[in-house]
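[1] Predicted model follows, preceded by the sequence.
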Amino acid sequence: MLSGTLWPAHPHPLQDECLSSWLVRCAHANGMKVQTFCDQVFGKEYQVWYRDIDRNAPDWLLNIMSQKTGTPIKLVHHTTARLYEKRLFPILHPASQLRWFLPAKHHHRINTGYGIQYCPACLAADETPYFRLAWRLSLYTFCPKHRILMADRCHKCGAPVAFHRAELGKPNILAGQLDHCWQCDAKLSNAATTEINLYPKRVNKLWSALLKVIDQQFYPSGHIRYQNLTLLHQLCRLMSSHQSGKKLIQHVCGKGGYLQPNLSDQRTHFELRDIQERHAILQLAWWLMTHKRKLRTAIQQKTIRINLLYRDLEPETKAHVLKWIESRSRTHYRITINY
């Protein structure tokens, strides 16, 4: 049945669809459960779900998906974190913490982390519910289309999203639904939503424009200034740190008129914080990025230590940031161009 040049049903990836979502849809389109499909296609010696395939998809998996669906290999690569290499982070490391990419924290085929986010309104509006690659990014805390906060767990039982496990232990269900919780079967698109309010206007404009560029996979909307996004992440990192976070957050809240966010243990890495905390931190970091004067003032008042700001930055990015901070021009800091 699955031995031909193409699978009998060979759907192509939808707009910005992640590899894990696409693979599950291929199994369902061929009338098979996910694990049975993967065993027949890849062989039992090649276990797919022991890894986060949206981040660390092996070449054999990508090549078979390309061949059996008739999808160009470049488009297949764009269903994984390879799309973001040299755009959001310098190198796609297989194991270490990846800048801006949320860890799923796989353990025996189970997601123990909350690394897969979703927009309930997008899932409800989809003719075929599917999960976007952009939803795996830590800076994607709200949906720019529906202007609501993202969700990262079942609204009923609190389980992490793991749509590839929807049929396990359910012999009477041939194909589970991607928008259903694998643990309690609650419909994820029924989750309550929270509208977001970003201020000032420039924060809203910059952040929303960036997410729209990412939604379109950087084309034809323009490209991203890598060094600027690296600086944004560095500021988020500092605010998440035990050493410098509290003082910097108090400074931005006082200058920008924000309420002090209620953050959990300050030793938690930015990518490991929940959506509400990341959203609050990002809004403060964006405020600092709207004009070089704000960042320069924070450095002069010693709420940002310059050595910590430059820590772990690539030499080119460090030189870019230094040049921008010391520049006396009146131009604003831009994240995207040609948008």
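    Sure, I can see it. Since we're looking at a predicted model, the values are computed, not measured.

[2] Tell me where the chain has strands.
    106-107, 110-111, 142-143, 148-149, 223-224, 336-337 (DSSP state E).

[3] looking at these, which one has the lowest mean pLDDT?
    The weakest mean pLDDT among the strands of the chain belongs to strand 336-337, with a mean of 44.

[4] burial of residue 31, as a residue count?
    12 (other Cβ atoms under 10 Å). C-betas here are computed from N, CA, C, even on glycine.

[5] Let me see the confidence value for it.
    Note for residue 31: predicted pLDDT of 90.

[6] low-scoring pLDDT stretches of the stretch 1-150 of the chain, where are they?
    Applying pLDDT under 70 to the stretch 1-150 of the chain flags the ranges 1, 3, 106-112.

[7] just for the stretch 151-300 of the chain, where's the confidence low?
    Applying pLDDT under 70 to the stretch 151-300 of the chain flags the ranges 169-176, 220-223, 266.

[8] Looking at strand pairing, list the partners for the most centrally placed residue in the chain.
    Taking Cα atoms, centre = their mean, the centroid of the chain lies closest to residue 137, which sits 1.3 Å from it. Listed beta-bridge partners, residue 137: residue 101 (assigned using DSSP bridges).

[9] these two touch, right, it and residue 214?
    Yes: counting by Cβ atoms under 8 Å, residue 137 touches residue 214, with 6.9 Å between them.

[10] In contact with the residue nearest to the centre of the chain, which residues are there?
    The contact partners of residue 137, taken as Cβ atoms under 8 Å, 6 or more residues apart in numbering, are 84, 88, 100, 101, 102, 214.

[11] rerun that using 7 Å as the cut-off
    By Cβ atoms under 7 Å, 6 or more residues apart in numbering, the residues touching residue 137 are 100, 101, 102, 214.

[12] same thing with residue 144?
    Residue 144 neighbours (Cβ under 7 Å, 6+ apart): 208, 211, 212, 215.

[13] Are any of those buried, and if so which?
    Neighbour counting with 16 or more other Cβ atoms under 10 Å marks 208, 211, 215 as buried within these.

[14] which one among the residues you listed gets closest to residue 50?
    Of all those, residue 50 sits closest to residue 215, with 29.7 Å by Cβ to Cβ.

[15] isn't the closest one right next to residue 134, touching?
    Yes: using Cβ atoms under 7 Å, residue 215 makes contact with residue 134 at a distance of 5.7 Å.

[16] anything in contact with each of these two?
    Residues touching both residue 215 and residue 134 (Cβ under 7 Å, 6+ apart): residue 16.

[17] quick revisit: and the contacts of residue 137, which two are the farthest apart?
    Across the contacts of residue 137, no pair lies farther apart than 102 and 214, at 13.7 Å, counting by Cβ to Cβ.

[18] Compute the distance between residue 82 and residue 94, please.
    Separation of residue 82 from residue 94 (Cβ to Cβ, to the nearest Å): 12 Å.

[19] quick one: which of those two has more around it?
    Higher neighbour count among residue 82 and residue 94: residue 82, with 16 against 10, using other Cβ under 10 Å.

[20] List the contacts of that one.
    So, once contact is read as Cβ under 7 Å, 6+ apart, residue 82 ends up touching residue 92.

[21] I'd like to know how far it sits from residue 215.
    Separation of residue 82 from residue 215 (Cβ to Cβ): 17 Å.

[22] circling back: which of the buried ones among the contacts of residue 144 fall in helices?
    208, 211, 215 (DSSP state H).

[23] Among those, which one lies nearest to residue 307?
    residue 211 (31.3 Å).

[24] Surely the closest one is in contact with residue 140?
    Yes: the pair residue 211 and residue 140 qualifies as a contact (Cβ under 7 Å) at a distance of 6.1 Å.

[25] Counting neighbours, what do you get for the spatially closest residue to residue 273 that is not a sequence neighbour?
    Once flanking residues are discounted, residue 273 sits nearest to residue 240: 6.5 Å by Cβ to Cβ, 6 or more residues apart in numbering. Using other Cβ under 10 Å, residue 240 has 23 neighbouring residues.

[26] OK, contacts around residue 240?
    Residue 240 is in contact with 268, 269, 270, 273, 281, counting by Cβ under 7 Å, 6+ apart.

[27] Which one of the buried ones among the contacts of residue 144 is nearest to residue 78?
    Closest approach between these and residue 78, by Cβ to Cβ: residue 215, at 12.7 Å.

[28] what sits against the closest one?
    Counted by Cβ under 7 Å, 6+ apart, residue 215 has contacts 16, 134, 144.
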